[in-house]
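Enquirer: this one's structure only:
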């Protein structure tokens, strides 16, 4: 039998820290991260019981495109063949120099509900995407808007219907959707997939709890009246980013926001070509976080910090136990790590299936380590590139 006096203060500190952060992590996964999964069954049962006719307001789908002729060829047919009575597709061509314009004209010949407009390449000192989306909103004929990108496609022809059914009352002004990352080989793509699923579950869970704080512009809907009421993106006119996450953070409430993540409501993006493209997207997200209101972002930062502290303390407990030849210390560290891995693996397996994304269970230990290091790298990268956050640097001067 071992007595506490036989263990060094370092061993007690490491094991105690590992145990405390283990409890914190279990609570986050049991309460917060499983919320979309737990509520999905309730939502599906509610839909089955509701035999009334679902709301089907006319929809204007606004698609942002920038030199994406290949994506337009692949994805426009899926957007144009939605099983929905009245909708239009508006593609905003952001100064593309490829064949995008020709492709759009060809599609328009056969699809009268497809329209396109463009942003001149010469437009300066503005966020080009915000300008593009504003042009799309002004061109929209209908009050209910749905936003996505040319690099994305719906996984079902019921995409529009599944989003629109949430507009059951005049008070509903925002619907948050989810965009999955496609199955792809290699560690990099699994890391992006893990990060995408983690980020999506965080804002979906917060929205389900009644505290919406962020969104993904690749699958986001809101009313045109809300856009005009708050003067569009004028509140973040000096920032390059913020057309989706900051807009929702500023104007979404528990009373005007709903969350939709049924299988037919999910879109899927094209994979990133390289690490640099993903890095720029992550840096763009980081540039808006410091303007977020509310406590939800800080709650997830606490989760990230506790995950890092658990990883360090549990591994250190194992190593220290081996060095001091104390089997209980090493065993405690190992068992805590093993049980938490099982809990996380089960949760992410279920969430990946729910949100139509590839699983990464076997890679999870490495992905968690990579997440910590890439997070530090992204923050350091943005620190030295902060001038890119602002629209007055768009001209490169």
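Expert: That came through fine. Model, not experiment: these values are computed from the prediction.

Enquirer: Number of residues surrounding the spatially closest residue to residue 205 that is not a sequence neighbour?
Expert: Excluding the flanking residues, the one nearest residue 205 by CB to CB, 6 or more residues apart in numbering is residue 35, at 4.3 Å. Backbone N, C-alpha and C define where each C-beta goes, glycine included. Using other CB atoms under 10 Å, residue 35 has 18 other residues around it.

Enquirer: quick one: buried residues of whichever strand or helix holds residue 194?
Expert: Element membership for residue 194 (DSSP states H and E) is helix 187-209. Neighbour counts over helix 187-209 (16 or more other CB atoms under 10 Å) mark 189-208 as buried.

Enquirer: Show me what that helix is packed up against.
Expert: helix 35-49, strand 174-176, strand 179-180, strand 257-259, helix 275-289, helix 296-323, helix 327-354, helix 364-383 (3 or more CB pairs under 8 Å, 6 or more residues apart in numbering; DSSP states H and E).

Enquirer: out of those, nearest to residue 98?
Expert: helix 275-289 (16.7 Å; CB to CB).

Enquirer: For the closest one, name the packing helices and strands.
Expert: Helix 275-289 packs on helix 187-209, helix 245-251, helix 364-383, going by 3+ CB pairs under 8 Å, 6+ apart.

Enquirer: Swap in 7 Å and give it another go.
Expert: helix 245-251, helix 364-383 (3 or more CB pairs under 7 Å, 6 or more residues apart in numbering; DSSP states H and E).

Enquirer: Can you lay out those as TSV showing distance to residue 314 and mean neighbour count?
Expert: Shown next, in TSV, are those (distance: least, CB to CB, whole Å; neighbours: other CB atoms under 10 Å):
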stretch	distance to residue 314	mean neighbour count
helix 245-251	33	22
helix 364-383	11	15
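
Enquirer: would you list the ones you listed in JSON lines and tack on distance to residue 285 and mean pLDDT?
Expert: Formatted as JSON lines, these follow (distance: least, CB to CB, whole Å; pLDDT from 0 to 100):
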{"stretch": "helix 245-251", "distance to residue 285": "7", "mean pLDDT": "95"}
{"stretch": "helix 364-383", "distance to residue 285": "9", "mean pLDDT": "93"}
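
Enquirer: about what we covered before: what residues are up against the residue nearest to residue 205?
Expert: When contacts are counted by CB atoms under 7 Å, 6 or more residues apart in numbering, residue 35 touches 205, 208-209.

Enquirer: And residue 178, by the same measure?
Expert: 200, 204, 216, 219, 261, 266, 355.

Enquirer: Show me the shaky parts of the stretch 101-250 of the chain.
Expert: 122-125 (pLDDT under 70).

Enquirer: in the chain, which residue is closest to the centre?
Expert: residue 200 (3.7 Å; CA atoms, centre = their mean).

Enquirer: quick one: it from residue 114, how far?
Expert: 28 Å (CB to CB, to the nearest Å).

Enquirer: need the strands for the stretch 51-200 of the chain, in chain order.
Expert: 59-65, 87-94, 114-119, 144-149, 152-154, 174-176, 179-180 (DSSP state E, counting those that start in this stretch).

Enquirer: ok, and what's touching the longest one?
Expert: By CB under 7 Å, 6+ apart, the surrounding residues in contact with strand 87-94 are 58-66, 79-80, 100-101, 104, 113-119, 128-129, 132-133, 135-136, 139-142, 160.

Enquirer: Buried subset of those as a ChimeraX selection?
Expert: Per 16+ other CB under 10 Å, the buried members of these correspond to this ChimeraX selection:
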select :59,60,61,62,63,64,65,66,79,100,101,104,114,115,116,118,119,128,129,132,133,135,136,140,142,160
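
Enquirer: Any chance of the backbone angles for the closest residue to residue 155 other than its chain neighbours?
Expert: Once flanking residues are discounted, residue 155 sits nearest to residue 266: 5.2 Å by CB to CB, 6+ apart. Dihedral angles of residue 266 (phi, psi; degrees, to the nearest 10) stand at phi -90, psi 140.
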